[in-house]
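Engineer: based on what follows, work out the 3D shape:
(one chain, ligands or ions: 2)
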Amino acid sequence: MDILQSPVAYVKGIGPARAKLLEQELGISKCQDLIHFFPSRYIDRTRYFKINQLQANDSEVQIIGVVTHLRSVKQKRGSRLVATFKDDTGQMELVWFQGAKWIQENIKLNIPYVIFGKTKYYNGFSMPHPEMELLDAHKSSLSTVMQPVYPSTEKLQNKNISHKTISKMVQNLMLTSGVSFAETLSNEIKDQLRFIDKAEAILNIHFPKSQDLLTKSRYRLKFEELFFIQLQLIRKNIINKQKIKGYPFEKVGDLFTTFYKNYLPFELTNAQKRVLKEVRKDLGSHAQMNRLLQGDVGSGKTIVALMAMLLAIDNGFQATLMAPTAILAKQHYDGISELVQDLPIRVSLLMGSTKAKARREIHEALENGQIHIIIGTHALLEDKVKFQNLGLAIIDEQHRFGVAQRAKLWKKNTLPPHILVMTATPIPRTLAMSLYGDLDVSVIDELPPGRKPVTTLHRFEGQRLKVFYFIKEEIAKGRQVYVVYPLIKESEAMDYKDLMDGYESIARDFPSPQYQISIVHGQMKPADKDYEMERFVKGETQIMVATTVIEVGVNVPNASLMIIESAERFGLSQLHQLRGRVGRGAEQSYCVLMSGYKLSSDSKTRLETMTSTNDGFEIAEVDLKLRGPGDIMGTQQSGVLNLRIADIVKDNQLLKVARDWAKKILEEDPNLELLKNAPINLAYRQLIQHKNIWNYIS
Ligand code: ADP
Ligand code: MG
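Structural biologist: Ligands and ions are numbered 1, 2, ... in the order given. Prediction:
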């Protein structure tokens, strides 16, 4: 039996209780997982300090000596355990604030230990919670050169499973008789990239024999990790294209042509034309389209969506456009209805707030094919919503939807409809490759002509009067203004208070009837929200005070000024989205980021990035660096970024290499049947069998 496939509980030193903890805290259940649980760093354990060499600089040191006695010292709450530790040059204290009982019972007095940890200086040296190992055991352990430090959790530490313990577990597993690490890459790859063997890489990642071997091991293992992800994504994409049949939209019919010739209100940008071509090619093939359309705010994705929907209707199908908020759905509905008003098609709107009677009518008209385009929110996903013949589903601002919700759209016709997901949250290329490797990606990288870039300024609280004066000037020119407040779950009550306080202060400074103010936030009834929004859209109010509900998609070209309150509390992508609400008309637009004086270094970077660039992709790259891939919108749910060793940002070069290899191999050998690819095939099959995390649906 393959030892690596058995539960970790069988490894010496683990047992059922620890196995459970490892599973809960680190997701380690099989020996295979433990072997692939890599150290996050290494400590040079070649050097030993003497107590009289210690310096008060908080560094990690390793000392050999003996514990001469132990005592418990009462403190305000509970007590701490203090040990006197001596070597031939002096003495110091070891201190424990927790786990004293275990230490007291297990520590051996006057027998040499190797201790390791950070020293503190306060009336003499001490070391809190040292790592300790009997000198004899230390000598025989594998890890004396560079000691691996494994990521751990507080809970594990409280249960006395330190990284040292984990190292011991790994060591025990590696020493188990019969354990072997099969090669997972082909000789072709190994030769060309000069990789060391799998077994050697595994041994040296845990217990490096030298810095050089460690570097080589890391390099190989990172590649391997990225390579298998890419292999899965690309393979899935190929399989989708072969297996998932789609309805071919073969003709470019009357609606599309008439619209293009007579009703398109502007010339398409080259980027829009290119994307439309890509979409048409997909729709014309006999495979289901699964395409991601990325385009910065205001780049004109909607018109592309509409034209794709017209193609669907020309070919006898219905189309749907789903948006994450009611405001946005309504706006799409209004905009699209206007654009197609002279075409013989019926467009309807379905939302949570749609009244029962109207809803029934819509359901019926969808089923008998009278409605051609249905626009709406999550309400579209309900089982009751059935189509006569849905051919195309478009999802706007896709990161707002869960995977499961998107999957529901697949089931609305016999064959799955073509899917186009649109996002204005630019995803750095590196990330997109990993996250959406199974989707085809189109990018609108050009704004419609005549747009003036938004000027962005950072202002502090003390400059508020000037900012209010500026608002008055803009309104005097006939423009409209957004004032946005942060709203996050954790501090919701406080945030609402800030919003209302802010609203009142604006109402004082901008008195009616000269000024009219709208307010929109999440606690209002949908009908009230719509009413307020409507007034702003129609230009009846000059100021819109809101929380981030207006972040997504809202289009009021006459609004030329965006004030963002407590801007330091917003994330970069959110700031960028908000700023995208202005600069949609011909006028010069402004975005003012208001902040307090106290700023963290990350906040400073965010605000500086915003004032220095308007490029969504550049901003996304900074965001990725600041937050790491795990926090970028939409990545959490996919699990794709739970990488063990590679780093999407830092190993971006290697990611490309891995992707190219994966492509090359699959082109030559789509089912990995060639003898030379046998190791890859084996590893790949194990991976998809045991781990189901790459379960993307789009
Ligand atoms: P987004 O990509 O953010 O969804 P929209 O589709 O809402 O952008 O388009 C933003 C604005 O730009 C809309 O008012 C739209 O009518 C306009 N627009 C889109 N494409 C063009 C174009 N090629 N030329 C001029 N204006 C355009
Ligand atoms: Mg949009």
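
Engineer: report the buried residues of stretch 283-297.
Structural biologist: 283-285, 287-297 (16 or more other C-beta atoms under 10 Å). Heads up, the C-betas are built off the backbone N, CA and C, glycines and all.

Engineer: which ones among the residues you listed map onto strands?
Structural biologist: Using DSSP state E, 290, 291, 292, 293, 294, 295 are the members of the buried residues of stretch 283-297 that sit in strands.

Engineer: which single one of those residues is nearest to ligand 1?
Structural biologist: Closest approach to ligand 1 among these (C-beta to the nearest ligand atom): residue 295, at 4.9 Å.

Engineer: what's the local residue count around the nearest residue to the closest one once chain neighbours are set aside?
Structural biologist: What sits nearest to residue 295 in space, not counting adjacent residues and going by C-beta to C-beta, 6 or more residues apart in numbering, is residue 444, at 3.3 Å. Residue 444 is flanked by 24 other residues according to other C-beta atoms under 10 Å.

Engineer: next one: residue 652
Structural biologist: Neighbour tally, residue 652, other C-beta under 10 Å: 17.

Engineer: dump the residue contacts of residue 474.
Structural biologist: Taking C-beta atoms under 8 Å, 6 or more residues apart in numbering, we find residue 474 in contact with 481, 560, 561, 590.

Engineer: secondary structure element for the second one?
Structural biologist: Residue 560 is part of strand 559-564, with elements assigned from DSSP states H and E.

Engineer: quick check: the residue nearest to residue 295 touching residue 301?
Structural biologist: Yes - using C-beta atoms under 8 Å, residue 444 makes contact with residue 301 at a distance of 6.4 Å.

Engineer: can you work out which residues contact both of those two?
Structural biologist: Counting by C-beta under 8 Å, 6+ apart, the residues touching both residue 444 and residue 301 are 293, 295.

Engineer: list the contacts of the closest residue to ligand 1 within the stretch 51-200 of the chain.
Structural biologist: Closest residue of the stretch 51-200 of the chain to ligand 1, C-beta to the nearest ligand atom: residue 151 (39.7 Å). Residue 151 makes contact with 26, 40, 163 under the criterion C-beta under 8 Å, 6+ apart.

Engineer: in the residues you listed, which has the lowest confidence score?
Structural biologist: The lowest pLDDT within the contacts of residue 151 belongs to residue 163, with 81.

Engineer: next up, the contacts around that residue.
Structural biologist: Residue 163 touches 39, 148, 149, 150, 151, 152, counting by C-beta under 8 Å, 6+ apart.

Engineer: what segments of the stretch 251-400 of the chain are strands?
Structural biologist: For the stretch 251-400 of the chain, applying DSSP state E, counting those that start in this stretch gives strands covering 290-295, 318-322, 347-350, 373-376, 390-395.

Engineer: can you put those strands in a markdown table and add distance to residue 267?
Structural biologist: Converted to a markdown table, these look like this (distance: least, C-beta to C-beta, whole Å):
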| stretch | distance to residue 267 |
| --- | --- |
| strand 290-295 | 17 |
| strand 318-322 | 23 |
| strand 347-350 | 24 |
| strand 373-376 | 24 |
| strand 390-395 | 22 |
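
Engineer: out of those, which comes closest to residue 363?
Structural biologist: Nearest of the strands of the stretch 251-400 of the chain to residue 363, taken as C-beta to C-beta: strand 347-350 at 8.5 Å.

Engineer: how far does that closest one sit from the chain's center?
Structural biologist: 32 Å (C-alpha atoms, centre = their mean, to the nearest Å).

Engineer: that older thread, narrow the contacts of residue 151 to those in helices?
Structural biologist: 26, 163 (DSSP state H).

Engineer: switch the contacts of residue 151 over to JSON lines, and while doing so, append distance to residue 221 to every line.
Structural biologist: Output for the contacts of residue 151, formatted as JSON lines (distance: C-beta to C-beta, whole Å):
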{"residue": "26", "distance to residue 221": "18"}
{"residue": "40", "distance to residue 221": "13"}
{"residue": "163", "distance to residue 221": "19"}
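
Engineer: just the closest of the contacts of residue 151 to residue 19, please.
Structural biologist: Closest approach to residue 19 among the contacts of residue 151 (C-beta to C-beta): residue 26, at 11.0 Å.

Engineer: what sits against the spatially closest residue to that closest one that is not a sequence neighbour?
Structural biologist: Leaving aside its chain neighbours, residue 26 sits nearest to residue 37 (6.5 Å; criterion: C-beta to C-beta, 6+ apart). Going by C-beta under 8 Å, 6+ apart, residue 37 touches 26, 28, 150, 166, 170, 644.
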